[in-house]
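A.B. asks: compute the structure for the input listed below.
(one chain, ligands or ions: 1)
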Amino acid sequence: MIETQDIQKIIDKYDYTKLSVGTLGSHSSLNIFKGAKEEGLRTVCICREKDAIMYQKYPVVDELIIVKDFTELLSEPLQERLRKLNVILIPHGSFTAYLSTEQLIESLKVPMMGNRKLLQWEANRKSQEEWLRQAGLRLPATFKSPENIDRLVIAKMQGAKGGRGYFLANSSKGFYKRADEMLKRGLITKQDIETVHLQEYVLGVNVYPSYFSSLLNNDVELLAMDRRYETAVDSIGKIPASEQLEIDITPTYSVVGNFPIVLRESLLPDIMRMGEAVHKKAAELAYPGIIGPFCLETVITDDLKIYTFEISARIVAGTNVGIGTSPYAYLRYGENMYMGRRIALELKNAVKQKQLQDIIA
Ligand code: AMP
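C.D. replies: Model (predicted):
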């Protein structure tokens, strides 16, 4: 386990005049790097050869480090190089997709913006649910076993990337039938079925508000809002119902992009209170709570009830819709503020106020 003191010792040796923002070259890296550049910070990208074209076309990276795969981030020589470059890492979805929670907590000896202790609360669906419930949010019901299914449920695999392998079922019989089909198609494994998470399917529209929790200002800011473009589920409506039945489609939920959303204004107070409550509860569970970006994954029903089915305690790719600006960032900051830049701004202010050690772990 990397102790806070270990990271403090590393940061003590940093040259703050050459502070760099570093991250893996994927997910929301362009957002993060552009924001850092606009705040006058240096940028370091750990990148796979095949993705390097992004940083030739969009010149937002000062130092490009090519790796075979992202697990190289765990190697000591690369970590030493990052420390020499005075890098603060900004975690995003690819960190947890390619590295395990244990690896992130135990083997990453490079300062990271955020609160590593929260990773464990977020990694496990049960503890995540407990966190959100205790914060007073409305959650979909969950079912312990397929035998208990008494309404439409969504079956989720542990650690699924982009909703791959998820399926819907209306009864226990329907569950086993679908699971068998998914197994045969190679979309899930036997172990996936044993560890499946069964959640009430909430009929409504998805809204993903993104917040920034500022330790320096002791405030939670609502900065962006999006919804996802998911293949193949978003294409099903283009096929008439009769054909859908005939070809017996099993929809998947792989995210290919995001759309910006502006929410009906009467829903904003609740969305804001939810962000505050989640951060407040996080501070009780793992002090000092969420540091930096986080996102709630919600469904809003026709009676305007907001259900939260997941939290990401880091920047989500949906904030990319706000690169440049978004209505919510504009309302607070005026022109040209977005999640990547907000992160860099917090780092800069933390240095100015001699509080950098408070927002890294
Ligand atoms: P996730 O990977 O958990 O973000 O879920 C992928 C997609 O499944 C979401 O974007 C939603 O469209 C859908 N989804 C997940 N959970 C629920 C739920 N409880 N009710 C309705 N739709 C859901």
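
A.B. asks: host element of Thr43?
C.D. replies: Here Thr43 sits within strand 42-48, counting by DSSP states H and E.

A.B. asks: helix or strand right after that strand?
C.D. replies: Downstream of strand 42-48, the first helix or strand assigned by DSSP H and E is helix 53-57.

A.B. asks: pLDDT of that next one, averaged?
C.D. replies: Helix 53-57 shows an average pLDDT of 98 in the prediction.

A.B. asks: against which helices or strands is that helix packed?
C.D. replies: With contacts taken as 3 or more CB pairs under 8 Å, 6 or more residues apart in numbering; DSSP states H and E, helix 53-57 sits against helix 29-38. Every residue, glycine included, has its C-beta placed from N, CA and C.

A.B. asks: chain center to the helix it packs on: distance?
C.D. replies: The chain centre lies 17 Å from the centre of helix 29-38; the measure is CA atoms, centre = their mean, to the nearest Å.

A.B. asks: quick one: contacts of that helix?
C.D. replies: Outside of helix 29-38, the residues that reach it under the criterion CB atoms under 8 Å, 6 or more residues apart in numbering are 20-21, 23, 42-43, 45, 54-55, 58, 60-61, 90, 92, 315, 319-320, 323, 336, 338-345.

A.B. asks: what do you get if the cut-off is 7 Å, keeping everything else the same?
C.D. replies: For helix 29-38, contacts defined as CB atoms under 7 Å, 6 or more residues apart in numbering pick out 21, 23, 43, 45, 54, 58, 60-61, 90, 315, 319-320, 323, 338-344.

A.B. asks: which parts of the stretch 101-250 of the chain sit against the ligand?
C.D. replies: Within the stretch 101-250 of the chain, the positions adjacent to the ligand are 140, 154, 163, 166, 199-202, 206, 228, 230 by CB under 6 Å from any ligand atom.

A.B. asks: filter the residues you listed down to the buried ones and hand me the ChimeraX line.
C.D. replies: Selecting only the buried entries of these in ChimeraX, with 16 or more other CB atoms under 10 Å as the criterion:
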select :140,154,163,166,199,200,201,202,228,230
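
A.B. asks: picking up where we left off before, and the contacts of helix 29-38, which are buried?
C.D. replies: Applying 16+ other CB under 10 Å to the contacts of helix 29-38, the neighbour count classes 21, 23, 43, 45, 54, 60-61, 90, 315, 319-320, 323, 338-344 as buried.

A.B. asks: among the contacts of helix 29-38, which lie within strands?
C.D. replies: 21, 23, 43, 45 (DSSP state E).

A.B. asks: pLDDT added to those residues, as TSV?
C.D. replies: Output for the ones in strands among the contacts of helix 29-38, formatted as TSV (pLDDT from 0 to 100):
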residue	pLDDT
Val21	98
Thr23	98
Thr43	98
Cys45	98
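
A.B. asks: helices or strands next to the strand holding Thr43 in the packing?
C.D. replies: Here strand 42-48 is seen to pack against strand 20-24, helix 29-38, strand 63-67 when contacts are counted using 3 or more CB pairs under 7 Å, 6 or more residues apart in numbering; DSSP states H and E.

A.B. asks: want to throw those into JSON lines with distance to Lys173?
C.D. replies: Shown next, in JSON lines, are the helices and strands packed on strand 42-48 (distance: least, CB to CB, whole Å):
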{"stretch": "strand 20-24", "distance to Lys173": "43"}
{"stretch": "helix 29-38", "distance to Lys173": "45"}
{"stretch": "strand 63-67", "distance to Lys173": "47"}
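
A.B. asks: which of the ones you listed sits closest to Gln355?
C.D. replies: Each of these has some distance to Gln355 by CB to CB; the shortest is strand 20-24, at 17.0 Å.

A.B. asks: what angle separates that closest one from strand 63-67?
C.D. replies: Between the axis of strand 20-24 and that of strand 63-67 there is an angle of 30 degrees, by axes from the mean of the first three to the mean of the last three CA atoms, to 10 degrees.

A.B. asks: what's in contact with strand 20-24?
C.D. replies: Counting by CB under 7 Å, 6+ apart, the neighbours of strand 20-24 from elsewhere in the structure are 29, 32, 36, 41-46, 70, 73, 82, 85-90, 92, 94-95, 344.

A.B. asks: 8 Å instead?
C.D. replies: For strand 20-24, using CB under 8 Å, 6+ apart, the contacting residues are 29, 32-33, 35-36, 41-47, 62-63, 70, 73, 82, 85-92, 94-95, 98, 110, 343-344, 347.

A.B. asks: ranges for the strands of this structure?
C.D. replies: According to DSSP E, the strands that the chain contains are 20-24, 42-48, 63-67, 87-89, 142-143, 153-156, 167-169, 197-200, 205-214, 219-232, 253-260, 292-300, 306-312.
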